[in-house]
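Engineer: generate a structure from the sequence data that follows.
(one chain, ligands or ions: 1)
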Amino acid sequence: KTINVAVVVGSLRKDSVNRKAALALAKLAPAHLALNIVEIGDLALYDEDVEAAGTPEPWARFREEIRASDAVLFVTPEYNRSVPGALKNAIDVGSRPYGKAAWSGKPAAIMSLSPGALGAFGANHHLRQSLVFLNMPVLQQPEAYVGGAFTLFDETGELVEESTRTFFAGFIRAFADWIDRTAVQPA
Ligand code: FNR
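Structural biologist: Here you go, the predicted structure:
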């Protein structure tokens, strides 16, 4: 059966290396894994007053897309050693209404990319803190802190190095196995 993976990219910019990595992972994924990017750029900042007045359509659309998925893959840069605000906002939007978080129980994995050497480690681990609270079993190994990200892709978005392709393929295969082991089976 096809496993639907919602891919949440933590960068909004068109030429994002994180978006390129997400698309590369989608190509390298095992055939039974369907990766689809769920957009977060149109989500207004979460505000309980706005929710009380009527849920904005983009929030409802986003929650439904996460709910309809079997698992969630986060691919994110680091802003000021933490999770970009746009991604944190998407997590907050998906976590409400209280007790009905769209995220709950969905297997997750995180890949983080940075042009710097540290591979957005700070964002990767701050994100893990939120996923504990959201009851998402998160893939532990292999960890994926991808540094030097501006040199990884050619102008068509293809990975340049075979070694990077091997690492990405191993990561997404490990996530497929993780989903098999941790997904909540329907009653
Ligand atoms: C950054 N960048 C950055 N990089 C990093 O490794 N650690 C950091 O703490 C930060 N902080 C940061 C803050 C803000 C506000 C911006 C805009 C950028 C640089 C960042 O890694 C770089 O812009 C990447 O290219 C962002 O990823 P995308 O957009 O290419 O996916």
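
Engineer: just list the residues touching the closest residue to T151 other than its chain neighbours, thanks.
Structural biologist: Computed as C-beta to C-beta, 6 or more residues apart in numbering, the closest residue to T151 that is not its neighbour in sequence is V160, at 7.3 Å. C-betas here are computed from N, CA, C, even on glycine. By C-beta atoms under 8 Å, 6 or more residues apart in numbering, V160 lies in contact with T151, L152, F153, D154.

Engineer: which strand or helix spans I110?
Structural biologist: Per DSSP states H and E, I110 falls inside strand 108-113.

Engineer: just how off-centre is the longest helix along the chain within its chain?
Structural biologist: Identified as the longest helix of the chain according to DSSP state H is helix 162-182. In this view, helix 162-182 has its centroid 14 Å away from the chain centroid, taken as C-alpha atoms, centre = their mean, to the nearest Å.

Engineer: ditto for stretch 88-108
Structural biologist: Distance, centroid of stretch 88-108 to centroid of chain: 13 Å (C-alpha atoms, centre = their mean).

Engineer: what is the mean pLDDT for it?
Structural biologist: For stretch 88-108, mean pLDDT is 97.

Engineer: and what of stretch 66-76?
Structural biologist: On average, stretch 66-76 scores 98.

Engineer: what's next to it, contact-wise?
Structural biologist: Against stretch 66-76 from outside (C-beta under 8 Å, 6+ apart): 3-11, 18-19, 21-22, 25, 35-36, 38, 83-84, 87, 94, 102-103, 106-113, 120, 123-124, 127, 136, 175, 179, 183.
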